[in-house]
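Asks: Fold the following.
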Amino acid sequence: MCCDLKRRFLLLYATQKGQAKAIAEEICLQAGAHGLEADMHCISEMDKYNLETEKDPVVIVISTTGTGDPPDTARKFVKKIRDKTLPPDHFAHLQYGLLGLGDSEYTFFCNGGKTVDRLLQELGAQHFYDTGLADDCVGLELVVDPWIDGLWLALKEVFLLRKEKEDMSNNVSADPHVGHEMNLSSKIQNLNLEDEGVRSSDGPSHKLIDINVVASATDTEPSLVHSVPPISQSALNIPALPPEYIEVQFQDTHGENPHLSSLISEGTTFEVPVTKASQLTREDAVKTALLLELDIADTAFDYQPGDAFCVICPNNVNEVEELLHILGLSEKGENFVCIKVKQDTKKKGATRPQHIPERSTLKFILTWCLELRAIPKKAFLRALVECTSDAGEKRRLQELCSKQGASDYTHFIRESNVCLLDLLHAFPSCKPSLNLLIEHLPKLQARSYSVSSSNLYQPGKLCFVFNIVEFPACPTRPVLRKGVCTGWLAELVAPLLHTNKDTLDIKRGSSPTEKISIFARPNNTFHLPSDPSVPFVMVGPGTGIAPFIGFLQHRQKLREEHTEWEFGETWLFFGCRHQDRDYLFKDELRCFHENGTLTHLKVCFSRDSSTTEVAQPKYVQDVIRLYAKEVARVLLKESGYFYVCGDKKHMADDVSDAVLDVLSMEMEVDKLEAMRTMAMLREAKRYLQDVWS
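Replies: Residues are numbered from 1 along each chain as shown. Next comes the predicted model:
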């Protein structure tokens, strides 16, 4: 019988920021309702599973990080299956399905998943289910949800085929083919009946009908808090309620909070002083850019120009206080809390989240551990439904997390960057518990910045540049908000900024300096050519110029110290809105150009009016086309490098298109052949990007 089948499958996840783990947990949650058992592990826990001897189907959920790398938790696994000594049939016994997560705004979309998929295939493993590639640019759920829905039938077919093979080997019937067909048919019918039962009971989704709640609404346009037909009158398929698994115990106010370094698993953390701060833009510029200098002289922190590093930042203090007030816990912010797993939880393999200390103050958790600005996932919305007393608000939250409300979720939650505080303002009868927030809010991530200096040029110093990010008020967000990290840094260094915006040095013996905690995030490829005679092109509009200041500082110092060396020519394409408002590092670039460190400096200004009869190019990609012959010469004849840094969506793709046009024109080939050449440049690590969305 069907119920006699062994229904275990191995579920592995590799996550960088928690999304792959959350999806794996959702698969694990739904598995039980389908009569299956998920044996779930992080892919790094190789002592808890063994693919060499695995007989059951394997499901892998894996994200992508950096410029197309597998997440840190998958590094050892990838290294192991990359072993060239493994035979091509090493995993011939293995059946697997893989779900890759990525962002199509980056060049190597889902490359972490694609890499693991390719390596497993090369070692003989077989798909039992088609690979899914989910795009965070448009919404992971658009692929994740249907992929999970189809997973269950694919898994059950694996188990049925296995059972049929076992039956056939033991079959003594005179006509085994008839028995085989009847047996398989009856089992598929049983499975279909099981699935119907799941959908109509306590399975991963069930139908709700609550039409009267919104019948009196008079608004004709949908919003975060209001829906219109057909969804307002539809039966809804909503996710299963995630089981609670965290228990919070309040204690007294005595003790010390953990050191911030204990929250970081990526490497050594350094607490360093901010020694300089300056504003690089004029007050009337559209964006405010700041340059900070950190003193790393007394640390073991090391970097190369082109590297990035991470800043450990807190949530906004006012938002923390506001959340405490809404939760009714304002008086308990300084109380220590002990976080444990509920003994009677129904969540399989539940553990305390690694980013939550076992004991700390409540305010410490909300300030340093949880991403309060995170866009709530549908599972979180589903949990919030149970904390909402108003019937209309409850119905709307159900709609937003339902399959029928997918487009509303995308528009009013995801694209509007709605966060928990926005939801609690929009749905005032929603009163979540503290344990619910700890269960569903992801880890507060450190923010990454490109290094804008050279340790050779400025020993013991590390500089970086950033725009103060602003999110304007809108219907779903009643107040303007600044970026979590950039807003905090701007407030932190405000005393260091002169009213005339001249750089301020902190003198020894003056008022105590502010310190921030950082850790290295080396870039394995975005570095200067190892051979200084090789020419290179840099494209960095706006704050995208940051790493190239480090490049040029480093190159200038090398030229001073090694006058006998041969140095290749250097090009910089820079752009901004206004020449007199946001031309970053204008004086420094002029000096680099005058002393020969920078051979060619090409700038453009997208909002300045042209003073000549011939319209000037507005964007860096337009200037690149003007110098097509020179760019093609550097790339094709002189084997040079091409670096791009800055905004992915509004710049890097346009620059890539411009380079394709240059290659096509100068090589006298069609677009397809130019794309092949571009792919070869990328593969050779001579077309390099450091971009963000």
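Asks: So for the longest strand anywhere in the chain, what gets flagged as buried?
Replies: If each strand of the chain is counted by residues according to DSSP state E, the longest one is strand 269-279. Buried residues in strand 269-279, counted by 16 or more other Cβ atoms under 10 Å: T269, F270, V272, P273, V274, T275, K276, A277, S278, Q279. All C-beta spots, glycine's among them, are computed from the backbone N, C-alpha and C.
Asks: Nearest to V286 among those?
Replies: The closest of the buried residues of strand 269-279 to V286 turns out to be Q279 (Cβ to Cβ; 13.9 Å).
Asks: related to what we said a few turns ago, give the pairing partners of the longest strand of the chain; include direction for each.
Replies: Strand 269-279 has these partner strands in its sheet, going by DSSP bridges: strand 289-295 (antiparallel), strand 504-505 (antiparallel), strand 515-521 (antiparallel).
Asks: now for these, which one comes closest to F592?
Replies: The nearest among those, by Cβ to Cβ, is strand 289-295 at 16.1 Å.
Asks: Buried ones in that closest one, by neighbour count?
Replies: Result for strand 289-295 [16+ other Cβ under 10 Å]: buried residues A289, L290, L291, L292, E293, L294, D295.
Asks: Spatially, which two of those are the most separated?
Replies: Spanning the widest gap among those are A289 and D295, at 21.2 Å by Cβ to Cβ.
Asks: closest to L98 out of the strands paired with strand 269-279?
Replies: Between the strands paired with strand 269-279, strand 515-521 lies closest to L98; by Cβ to Cβ that is 26.5 Å.
Asks: Okay, now stretch 122-129: how far is its last residue from its first?
Replies: Start and end residues of stretch 122-129 are separated by 17 Å (Cα to Cα, to the nearest Å).
Asks: Go ahead and name everything in contact with it.
Replies: Applying Cβ atoms under 8 Å, 6 or more residues apart in numbering, the contact partners of stretch 122-129 are 57, 81, 86-92, 94-98, 150-151, 154-155, 157-158.
Asks: Which positions within it qualify as buried?
Replies: Buried, per 16+ other Cβ under 10 Å, within stretch 122-129: L123, A125, F128, Y129.
Asks: Quick check: pLDDT value at the second one.
Replies: What the model reports for A125 is a pLDDT of 96.
Asks: same thing with C2?
Replies: C2 carries a pLDDT score of 42 in this model.
Asks: cool, and the one 3 residues further on?
Replies: Per-residue confidence at L5 stands at 46 (pLDDT).
Asks: Out of the buried residues of stretch 122-129, which is nearest to T367?
Replies: Nearest to T367 among these, with distances taken as Cβ to Cβ, is Y129, at 42.3 Å.
Asks: what's the weakest-modelled helix or strand in this protein?
Replies: helix 176-200 (a mean of 39; mean pLDDT, DSSP states H and E).
Asks: thinking again about what came up before, could the buried residues of strand 269-279 be laid out in TSV, adding pLDDT and distance to P442?
Replies: Converted to TSV, those look like this (pLDDT from 0 to 100; distance: Cβ to Cβ, whole Å):
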residue	pLDDT	distance to P442
T269	95	20
F270	96	24
V272	97	26
P273	97	30
V274	97	28
T275	95	33
K276	95	33
A277	96	30
S278	96	34
Q279	97	32
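Asks: Pick out whichever of these sits closest to T563.
Replies: K276 (30.4 Å).
Asks: Who does that closest one form a beta bridge with?
Replies: For K276, the beta-bridge partners are E293, D505 (DSSP bridges).
Asks: Go ahead and confirm it touches L292.
Replies: Yes: the criterion here is Cβ atoms under 8 Å, and K276 meets it with L292 at 7.0 Å.
Asks: Please identify which of the buried residues of stretch 122-129 is nearest to D39.
Replies: F128 (16.1 Å).
Asks: And that closest one, how close does it get to C430?
Replies: Counting by Cβ to Cβ, to the nearest Å, the separation of F128 from C430 is 41 Å.
Asks: same check, this time on Y457
Replies: Counting by Cβ to Cβ, the gap from Y457 to C430 is 53 Å.
Asks: Among those two, which residue is more densely surrounded?
Replies: C430 (22 against 18; other Cβ atoms under 10 Å).
Asks: just checking, the more buried one touches D422?
Replies: No: taking Cβ under 8 Å as the definition, C430 is not a contact partner of D422, at 11.5 Å.
Asks: Give the buried residues for the helix or strand R395 falls within.
Replies: R395 belongs to helix 391-401 when assigned by DSSP states H and E. Residues of helix 391-401 classed as buried by neighbour count (16+ other Cβ under 10 Å): G392, E393, K394, R395, R396, L397, Q398, E399, L400, C401.
Asks: now the residues you listed in a markdown table, with distance to T73 and pLDDT?
Replies: As requested, these are exported to a markdown table (distance: Cβ to Cβ, whole Å; pLDDT from 0 to 100):
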| residue | distance to T73 | pLDDT |
| --- | --- | --- |
| G392 | 42 | 96 |
| E393 | 38 | 97 |
| K394 | 37 | 97 |
| R395 | 39 | 97 |
| R396 | 37 | 98 |
| L397 | 32 | 98 |
| Q398 | 34 | 97 |
| E399 | 35 | 97 |
| L400 | 31 | 97 |
| C401 | 28 | 95 |
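Asks: Sketch out the low-pLDDT regions of the stretch 351-500 of the chain for me.
Replies: 498-500 (pLDDT under 70).
Asks: can you check the chain too?
Replies: 1-6, 171-219, 498-512, 611-615.
Asks: which helix is the longest one in it?
Replies: helix 141-170 (DSSP state H).
Asks: helices or strands next to that helix in the packing?
Replies: Helix 141-170 is packed against helix 19-33, strand 95-102, strand 132-135, helix 176-200, helix 406-408, with contacts defined by 3 or more Cβ pairs under 8 Å, 6 or more residues apart in numbering; DSSP states H and E.
Asks: Adjacent strands (with direction) for the third one?
Replies: Looking at strand 132-135 with DSSP bridges, its partner strands are strand 95-102 (parallel).
Asks: Report the angle between the partner strand and helix 141-170.
Replies: 170 degrees (axes from the mean of the first three to the mean of the last three Cα atoms, to 10 degrees).
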